[in-house]
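Student: need coordinates for the below:
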Amino acid sequence: MFDPVIAPSGTLLGLLQRGRGDGTLHALTAPRAEALAALNHCVLRDPRHDWQVENRSLYYARLYLDLHGELDEIEAHLFDVEDSFDTEESRTGLALAVLGHLASYGRREALALLRRYAVSGANWAWALDELALRDDDAGLRALAAPVLARFATDTEGEAELAAAVRDAFEPRPWRLWAEDPREYVSTRVRAAQEAGCFDRWQRQMSPSGPRPGWSVQAVFEWAQQGVERGAALHVPAARCLSAVAGPEDRAEIVQAAKDGTEGARCTALRYLADFNDPDALLLIEQAVATGSTPVVEAAVDAFERMRSVAAVDRARGWAHRP
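Tutor: Okay, the predicted model is just below:
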């Protein structure tokens with residue numbers, strides 16, 4: 001996704017980009033063409049820094065209603081050739097969400113655009129979710145054949161279809177299609193539903209995380225994989241370590257706390273602190289002095305959990321108190 005360029009807060013565009021309440025008032029008093037141009041700019045170039053946590057679609061949809069805005073610009077954006085190359089949800093998600101709200105307010109042309117995009121657009125799943133909330137059964141049934149045509153009938157295509165059914169945010173269309181009188185539709189959708197349920201069951205029965213049969217090194221590797229994905233897993237990894245490690249593994253864990261990978265070091269420090277290992281305080285002190293920022297934070301957090309007299313004495317020494 002592009003980085004949004006935000007106009008100055010004193011301008012009409014800047015107010016609308018920020019979602020300000022007075023932006024609506026300024027838009028309604030500005031020349032209609034200017035207001036619609038600013039509104040289209042916001043909807044077609046999502047100004048939110050994180051579109052997944054900030055809702056703005058209803059704000060813009062109501063402004064389209066107040067301005068009696070046409071949807072030509074949204075239509076051109078959705079069906080532009082760029083849609084075939086830039087398939088990120090962030091490119092079209094806001095426009096589709098705005099159309100969904102407009103459809104719920106009775107704008108038939110918005111509903112028609114959502115139907116067209118569900119047939120041919122790259123972000124068709126989002127459009128289908130919007131239609132699931134607003135369209136009638138007949139409209140959704142008419143989309144069954146073109147949506148299913150997106151998926152090949154070979155093994156790979158059926159697997160993709162099963163994933164789409166399993167991950168659908170709104171299940172209503174798929175449930176309708178599973179009961180479709182056309183056997184080639186209903187049979188395929190029911191098979192995809194069953195495959196999706198089976199896949200979900202398999203993932204629950206075969207989690208990718210650590211298991212009791214893992215070695216200490218396997219737990220360290222899992223924690224490091226979390227670091228590489230941007231997820232801190234050292235706390236659950238330390239709990240897992242307590243299940244798989246024995247007295248014979250202490251030397252390996254201590255060594256990891258000294259100079260292991262970031263994930264292993266954080267995990268080992270947490271484990272040793274929780275078990276009040278005699279070397280835990282020294283290793284925490286060394287980690288704070290030599291470790292990376294995540295290691296330092298993990299070391300301090302591990303120390304704060306310690307309740308021994310030795311930990312209190314060490315804290316007093318660090319604080320230069322009697």
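
Student: could you use CA atoms for every contact and neighbour count after this?
Tutor: Will do.

Student: surely Glu73 and Asn40 touch.
Tutor: Yes. Counting by C-alpha atoms under 8 Å, Glu73 does reach Asn40; the two are 6.8 Å apart.

Student: these two: who's more crowded?
Tutor: Asn40 (21 against 15; other C-alpha atoms under 10 Å).

Student: so who does the closest residue to Arg314 other than its chain neighbours touch?
Tutor: The spatially closest residue to Arg314, leaving aside those adjacent along the chain, is Leu281, at 7.6 Å (C-alpha to C-alpha, 6 or more residues apart in numbering). Listed by C-alpha atoms under 8 Å, 6 or more residues apart in numbering, the contact partners of Leu281 are 273, 303, 311, 314.

Student: among the residues you listed, which lie within strands?
Tutor: Among the contacts of Leu281, no member is found in strands (DSSP state E).

Student: tell me which residues in stretch 286-302 are buried?
Tutor: 287-288, 291, 294-296, 298-302 (16 or more other C-alpha atoms under 10 Å).

Student: reformat those as a markdown table; add secondary structure.
Tutor: As requested, the buried residues of stretch 286-302 are exported to a markdown table (DSSP: H, G, I helix; E, B strand; the rest coil):
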| residue | secondary structure |
| --- | --- |
| Ala287 | helix |
| Val288 | helix |
| Gly291 | coil |
| Pro294 | helix |
| Val295 | helix |
| Val296 | helix |
| Ala298 | helix |
| Ala299 | helix |
| Val300 | helix |
| Asp301 | helix |
| Ala302 | helix |
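
Student: nearest to Pro31, of those?
Tutor: Pro294 (53.0 Å; C-alpha to C-alpha).

Student: any idea of the pLDDT on the closest one?
Tutor: If you check Pro294, the pLDDT there is 91.

Student: next one: it from Glu252, what distance?
Tutor: Separation of Pro294 from Glu252 (C-alpha to C-alpha, to the nearest Å): 21 Å.

Student: with Ile74 instead?
Tutor: 60 Å.

Student: what do you get for Asp80?
Tutor: 58 Å.

Student: what of Leu13?
Tutor: 60 Å.

Student: which of those two has more residues huddled nearby?
Tutor: Just comparing Leu13 and Glu252: by other C-alpha under 10 Å the higher neighbour count belongs to Leu13, 24 against 15.

Student: in three-state terms, label the more buried one for me.
Tutor: helix.

Student: ok, which stretches of this structure are strands?
Tutor: So, for the chain - with DSSP E - there are no strands.

Student: any weak-confidence spans in it?
Tutor: 1-3, 196-213, 321-322 (pLDDT under 70).

Student: how's it carved up into domains?
Tutor: 12-205, 216-318 (automatic domain parsing).

Student: check contacts around the nearest residue to Glu170 once chain neighbours are set aside.
Tutor: Closest residue in space to Glu170, ignoring its immediate chain neighbours: Asp129 at 5.4 Å, by C-alpha to C-alpha, 6+ apart. Applying C-alpha under 8 Å, 6+ apart to Asp129 gives the contacts 168-170.

Student: how about these in a markdown table, adding distance to Glu183 and neighbour count?
Tutor: Formatted as a markdown table, the contacts of Asp129 follow (distance: C-alpha to C-alpha, whole Å; neighbours: other C-alpha atoms under 10 Å):
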| residue | distance to Glu183 | neighbour count |
| --- | --- | --- |
| Ala168 | 22 | 16 |
| Phe169 | 25 | 14 |
| Glu170 | 23 | 17 |
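
Student: looking at those, which is nearest Arg141?
Tutor: Glu170 (14.8 Å).

Student: and the gap between that closest one and Leu131?
Tutor: According to C-alpha to C-alpha, Glu170 and Leu131 sit 9 Å apart.

Student: now do Cys42
Tutor: 23 Å.

Student: between those two, who's got more neighbours?
Tutor: Neighbours were counted for Cys42 and for Leu131 using other C-alpha under 10 Å; Leu131 has more, 27 against 24.

Student: does that one touch Ala142 like I think?
Tutor: No. In terms of C-alpha under 8 Å, Leu131 does not count as a neighbour of Ala142; the distance is 11.9 Å.

Student: mind listing what Ala268 touches?
Tutor: 238, 253-254, 256-257 are the contacts of Ala268 under C-alpha under 8 Å, 6+ apart.

Student: switch the residues you listed over to a markdown table; also include distance to Val189 and neighbour count.
Tutor: Below are the contacts of Ala268 laid out as a markdown table (distance: C-alpha to C-alpha, whole Å; neighbours: other C-alpha under 10 Å):
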| residue | distance to Val189 | neighbour count |
| --- | --- | --- |
| Ala238 | 43 | 24 |
| Ile253 | 51 | 23 |
| Val254 | 54 | 20 |
| Ala256 | 50 | 21 |
| Ala257 | 52 | 28 |
